[in-house]
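Peer 1: need coordinates for the following:
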Amino acid sequence: MEVESELKSLITVGLFTYVSLTYCYRIAAKIPKGLPRLLALLPVMIILFIIPINLHSIYLGHPLVILRVEHEPHFKSPHLASSLQDFWGRRWNLRVLETLRLVIYYPIRSVSIRIIGDRSSSLPPVFVTFAVSGLIHELLYYSILRAKPTWEITWFFVLHGVLVDMEIILKKKVKLRLHRAITGPLAMANLTLTSVCLVLAPLLRNRVDERIIHEFYLFLDFFLSLFPSKVYPRSLKFQKVIK
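Peer 2: Numbering: from 1, shown residues only. Model prediction:
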């Protein structure tokens, strides 16, 4: 990876992002809410996910584009979740959660109510929301790893979509409720185990930790090279690390 070419690609991606966000705020925001606005925003969402793939750096290539800048917290004490439904539905990544609700959950539930009735109408949209989130994360992983997808991160979200649906069904069928002192640790244990097996495994297998350290030294070496060696002398040990 050449730092100079990566920085040029970053400038190009930044310009595309600026133009796209300007379109969202100045033009798409004036379109009526609902399907018309979704169709107007959909091309921009696709572009914002695709163009960062031109970046090969782990630091720069992660296509997380924030479409709405808000000062509200993104997390709400996730370690205090009493269940998986509580974790995913009320505590984890709240801004993305709200977006997924508006774009996927609510439209699918409106259709689901007409087909299977109100009582079980939340089950299909919950599962589909998790599945779509898994595919989005798969794209994010590809932008980091640049390796053939193994679909582990997708299966992680599909699995949790099934588990949350099962939890919803059990809460409706079984009147006896366990105390959160029991359900909370069980939920955290579930998240920890599945995260290690399906979320962290592909990152470690592709040596992302080593790549992060290596790229850090590459960028540091590039920026230090902009200054005279007398101002920022580099040791022989540092020069060996970046090779």
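
Peer 1: for the helix or strand Leu193 falls within, what is the average pLDDT?
Peer 2: Element membership for Leu193 (DSSP states H and E) is helix 180-194. On average, the pLDDT along helix 180-194 is 95.

Peer 1: quick check: closest non-adjacent residue to Asp165.
Peer 2: Leu123 (5.0 Å; Cβ to Cβ, 6 or more residues apart in numbering). Using the backbone N, CA and C atoms, a C-beta is placed for each residue, glycine as well.

Peer 1: typed the wrong thing, it's Leu135
Peer 2: Thr154 (6.0 Å).

Peer 1: and the helices in this structure?
Peer 2: For the chain, applying DSSP state H gives helices covering 3-26, 35-50, 84-86, 94-100, 106-116, 123-145, 152-173, 180-194, 201-205, 208-224, 236-241.

Peer 1: so which bits of the fifth one are buried?
Peer 2: Using 16 or more other Cβ atoms under 10 Å as the test for burial, helix 106-116 gives 107-109, 112.

Peer 1: tell me which two of those residues sit farthest apart.
Peer 2: Pro107 and Ser112 (9.7 Å; Cβ to Cβ).

Peer 1: count the residues that sit near the residue nearest to Asp165.
Peer 2: Residues contacting Leu123 under the criterion other Cβ atoms under 10 Å number 18.

Peer 1: before we move on, what about the one 3 residues further on?
Peer 2: Burial of Val126 is recorded as 25 neighbouring residues (other Cβ under 10 Å).

Peer 1: and it, how far from Leu163?
Peer 2: 10 Å (Cβ to Cβ, to the nearest Å).

Peer 1: swap in Val103?
Peer 2: Taken as Cβ to Cβ, the span from Val103 to Leu163 is 22 Å.

Peer 1: what do you get for Leu186?
Peer 2: Distance of Leu186 to Leu163, given as Cβ to Cβ: 11 Å.

Peer 1: so which of these two has more stuff around it?
Peer 2: Per other Cβ under 10 Å, whichever of Leu186 and Leu163 has more neighbours is Leu163, with 18 against 13.

Peer 1: OK, contacts around that one?
Peer 2: 84, 190 (Cβ atoms under 8 Å, 6 or more residues apart in numbering).

Peer 1: from here on, call the first residue 39.
Peer 2: Sure, I'll start numbering at 39, so the last one becomes Leu201.

Peer 1: returning to what we had before: out of the buried residues of helix 144-154, the closest to Asp124 would be?
Peer 2: Looking across those and measuring by Cβ to Cβ, the closest to Asp124 is Arg147, at 19.2 Å.

Peer 1: can you report how many residues lie near Pro240?
Peer 2: Pro240: 19 neighbours (other Cβ under 10 Å).
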